[in-house]
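Engineer: sequence unavailable; structure follows:
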């Protein structure tokens with residue numbers, strides 16, 4: 001069944017792949033999630049029953065909440081989604097053995113060619129399209145820079161790479177457009193390309209999960225993949241309510257209602273990072289400099305219902321994060337995003353008027369800058 005994902009796009013839509021890793025969840029981990037499903041914290045006798053499943057995948061916590069289904073059916077649906085998540089995770093993992101890591105081995109031998117699995121074709125094309133839309137600020141081809149900084153690992157060791165190595169990789173200018181798909185074969189025009197789809201896969205998984213749950217008649221579900229969350233339907237006719245994680249404190253900095261088909265995503269400097277000489281280095285690398293982006297604690301984007309809401313919620317926050325306080329609004333606009341918020345290194349909040357209308361801030365005294 002899962003192999004059909006790599007044989008036909010139509011069958012991929014039917015089977016809807018995603019992923020899961022079997023890892024016990026400790027309640028204290030909730031503080032490290034980008035989003036907190038507040039609707040789960042306040043029970044209501046009039047609400048339909050909720051089934052809640054947690055796992056660890058894509059290097060982060062995954063939560064699936066299904067409303068209005070019998071427990072046995074909800075468990076079965078969740079298991080299917082999580083099993084598909086696991087398959088997609090293994091397929092798109094940038095450095096562990098899998099389809100993408102095998103492609104990266106071929107890229108490194110440029111211009112060597114190899115046969116491509118059909119299911120990777122639309123993924124590479126789509127990631128390339130989004131990278132071009134961002135002006136290269138979202139650039140999955142810079143996996144070698146990510147490796148150099150030590151972020152292609154489950155544990156991070158503080159390190160300061162040799163500036164000459166960074167300079168050489170930036171000068172090599174790897175881009176997604178260097179990847180060529182020619183019929184059933186693929187190759188790279190640039191041996192510096194190493195694809196890392198960590199900023200794409202979670203959102204892609206959200207879209208597939210939502211599509212599958214809808215196809216099964218699910219009327220209400222909330223899918224959270226560590227910083228990207230998507231609503232399917234409602235909770236008994238009421239919107240789902242979620243909290244956006246404070247980047248420097250436990251708990252939520254703001255709450256909002258999430259309606260059917262909407263997706264929200266955050267890129268932050270507080271989940272994958274290390275400290276060195278009192279300075280924070282996060283996993284979001286600026287392709288222009290080769291160094292981790294600075295000056296921003298978090299960027300959140302809200303995407304309206306659409307065929308790729310989940311994917312865009314994952315991708316669109318990255319260019320804004322990299323662009324920083326002076327360029328985030330233009331970067332969001334380039335990705336077609338109207339609802340966006342940036343928290344700078346001083347904790348001050350910059351947000352669009354439409355985003356401000358959707359948020360309920362959870363503490364007083366915050367400094368807000370409204371940016372048209």
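Structural biologist: Happy to help now that I have it. Since the model is a prediction, treat every value here as computed from it, not as a measurement.
Engineer: let me know the secondary structure of residue 177.
Structural biologist: What DSSP: H, G, I helix; E, B strand; the rest coil gives for residue 177 is helix.
Engineer: what sits against it?
Structural biologist: Counting by Cβ atoms under 8 Å, 6 or more residues apart in numbering, residue 177 touches 128, 131-132. Where C-beta positions appear, they are placed from N, C-alpha and C, glycine not excepted.
Engineer: pLDDT weak spots in the chain?
Structural biologist: Counting by pLDDT under 70, the ranges of the chain that qualify are 1-46.
Engineer: hey, what's residue 296 bridged with?
Structural biologist: residue 344 (DSSP bridges).
Engineer: same question, the one 5 residues further on
Structural biologist: The partner list for residue 301 in beta bridges (DSSP bridges) reads residue 265, residue 340.
Engineer: how about the secondary structure of the one residue sitting closest to the centre of the chain?
Structural biologist: The residue lying closest to the centre of the chain (Cα atoms, centre = their mean) is residue 314, at 3.6 Å. Three-state call for residue 314 (three-state DSSP): helix.
Engineer: close enough to count as contact, it and residue 198?
Structural biologist: No - checked against Cβ atoms under 8 Å, the pair residue 314 and residue 198 is beyond contact range at 9.3 Å.
Engineer: now the strands for the stretch 1-150 of the chain?
Structural biologist: 35-36, 50-57, 60-67, 114-115 (DSSP state E, counting those that start in this stretch).
Engineer: for residue 321, helix, strand, or coil?
Structural biologist: State at residue 321, reduced to three classes by three-state DSSP: helix.
Engineer: which residues touch it?
Structural biologist: Applying Cβ under 8 Å, 6+ apart, we find residue 321 in contact with 267, 284, 293, 296, 298-299, 328, 342.
Engineer: return the member of these nearest to residue 167.
Structural biologist: residue 293 (17.5 Å; Cβ to Cβ).
Engineer: contacting residues for the residue nearest to residue 144 when sequence neighbours are not counted?
Structural biologist: Leaving aside its chain neighbours, residue 144 sits nearest to residue 194 (4.6 Å; criterion: Cβ to Cβ, 6 or more residues apart in numbering). Contact analysis of residue 194 by Cβ under 8 Å, 6+ apart lists 94, 104, 107-108, 141-144, 147, 174.
Engineer: rerun at 6 Å
Structural biologist: Residue 194 sits next to 104, 143-144 when contact means Cβ atoms under 6 Å, 6 or more residues apart in numbering.
Engineer: those residues in helices, which ones?
Structural biologist: 104, 143-144 (DSSP state H).
Engineer: among those residues, who's most crowded?
Structural biologist: Among the ones in helices among the contacts of residue 194, residue 143 has the most neighbours (other Cβ atoms under 10 Å), with 26 neighbours.
Engineer: isn't residue 284 right up against residue 293?
Structural biologist: Yes - at 4.9 Å, residue 284 counts as touching residue 293 under the criterion of Cβ atoms under 6 Å.
Engineer: where's residue 354 relative to residue 332, distance?
Structural biologist: 11 Å (Cβ to Cβ, to the nearest Å).
Engineer: who's more crowded, those two?
Structural biologist: residue 332 (25 against 13).
Engineer: chain center to the helix or strand encompassing the more buried one: distance?
Structural biologist: Assigned by DSSP states H and E, residue 332 falls within helix 317-334. Centroid separation for helix 317-334 versus its chain: 16 Å, with Cα atoms, centre = their mean, to the nearest Å.
Engineer: can you tell me the closest non-neighbouring residue to residue 269?
Structural biologist: Per Cβ to Cβ, 6+ apart, closest to residue 269 is residue 282, 3.7 Å.
Engineer: please name the bridge partners of the one you found.
Structural biologist: residue 273.
Engineer: what about it, how many residues nearby?
Structural biologist: 22.
Engineer: that one reaches residue 268, doesn't it?
Structural biologist: No - checked against Cβ under 6 Å, the pair residue 282 and residue 268 is beyond contact range at 7.7 Å.
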